[in-house]
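[1] attaching a predicted model along with its sequence, questions to come.
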Amino acid sequence: MADDTQNPAGGAQQPQRGVQPPRPGDSVPEGGLDPSQVFAAPPQVSPPPTQQQSGQQQDDQAAPPSQDPGPPPPPPGVPATKEMGYDDEDIRILGEVGDYRFGSITAHLNNENIPLPSHPEAQFDEQAFLTLLRGSISLTRDEKWRIIQAIPKLSQFQIDELQKILGEEKRKFSELSPKHLIQLKKLEEKHAQDWKDLQSISVQEHAKQHEQQEADAIRKQLGI
């Protein structure tokens with residue numbers, strides 16, 4: 001018997017082995033996507049490797065945790081010194097990334113053209129939810145899309161738990177030492193592009209639906 005997979009939004013779910021989960025652009029059942037189709041495995045909210053640890057590794061998601069005893073990066077414009085607890089590598093990397101801090105790339109994006117389906121079972125700030133979702137580097141592009149499509153079938157508890165997890169992810173990555181900033185920047189750039197892809201796909205789907213509605217209306221007028 002297969003083990004249950006723990007849904008990060010709360011509750012256990014049985015993984016659907018051998019079934020390809022839907023992808024952006026695929027049709028979604030009326031009433032929303034079943035939450036069991038969102039995750040093939042629970043997302044891992046863990047620090048990415050430092051540049052030394054990662055080598056030539058190019059991952060789309062955060063990698064397993066590494067020991068990180070150093071202080072978090074200072075605010076942009078504040079020089080880092082050894083008296084503040086930073087070592088030579090921290091200071092070098094801060095000089096390389098400039099004003100970049102985790103979250104600063106996705107902060108410049110928006111949530112336009114990412115509509116949320118109706119969610120009668122849960123009440124929440126939709127824009128705040130989408131902002132947390134777009135900033136996640138532990139979720140893939142397709143998982144973010146599937147979470148949105150499953151919104152109608154998520155309970156208030158599941159929505160609240162998911163927002164807590166996303167908020168905790170943002171806090172943990174923000175508190176990592178400067179040694180992680182180069183890798184974080186690469187990951188965030190990748191996920192920022194993924195979010196833009198979702199926006200483009202949404203625009204294309206809306207255009208297709210509009211064309212289909214117009215075609216249906218013409219056929220109806222012609223009695224076809």
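    Yep, that arrived.
[2] wait, what's in contact with the residue most central in space within the chain?
    The C-alpha lying nearest the average C-alpha coordinate of the chain belongs to residue 136 (Cα atoms, centre = their mean; 3.4 Å). By Cβ atoms under 8 Å, 6 or more residues apart in numbering, the residues touching residue 136 are 43, 144, 166, 169, 170, 191. From N, CA and C alone the C-beta is placed, and that goes for glycine too.
[3] buried only: go through those residues for me.
    With burial judged by 16 or more other Cβ atoms under 10 Å, the buried subset of the contacts of residue 136 is 43, 144, 166, 169, 170, 191.
[4] of the contacts of residue 136, which pair is most distant in space?
    Farthest pair in the contacts of residue 136 (Cβ to Cβ) is 144 and 170. Separation: 14.4 Å.
[5] now, the contacts of residue 136 that are in helices?
    144, 166, 169, 170, 191 (DSSP state H).
[6] check these against residue 83 and report the nearest one.
    The closest of the ones in helices among the contacts of residue 136 to residue 83 turns out to be residue 170 (Cβ to Cβ; 28.4 Å).
[7] residue 128 versus the closest one, what's the distance?
    12 Å (Cβ to Cβ, to the nearest Å).
[8] so which residues of this structure form strands?
    Remark: strands assigned in the chain by DSSP state E are 5-6, 12-13.
[9] pick out the shakiest of these, pLDDT-wise.
    When the strands of the chain are ranked by mean pLDDT, strand 5-6 comes last with a mean of 39.
[10] output the lowest mean pLDDT helix or strand found in this structure.
    When the helices and strands of the chain are compared on mean pLDDT, DSSP states H and E, strand 5-6 comes out lowest with a mean of 39.
[11] how about the ones in helices among the contacts of residue 136 in JSON lines, adding distance to residue 37?
    As requested, the ones in helices among the contacts of residue 136 are arranged in JSON lines below (distance: Cβ to Cβ, whole Å):
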{"residue": "144", "distance to residue 37": "14"}
{"residue": "166", "distance to residue 37": "19"}
{"residue": "169", "distance to residue 37": "22"}
{"residue": "170", "distance to residue 37": "25"}
{"residue": "191", "distance to residue 37": "21"}
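[12] list just the nearest of these to residue 91.
    Nearest to residue 91 out of those is residue 170 (Cβ to Cβ; 24.9 Å).
[13] thought the closest one was touching residue 101?
    No: contact criterion Cβ atoms under 8 Å: residue 170 and residue 101 do not qualify, at 11.5 Å.
[14] all helices for the chain, in order.
    Under the criterion DSSP H, the chain contains helices at 51-54, 88-97, 126-134, 141-150, 156-174, 181-222.
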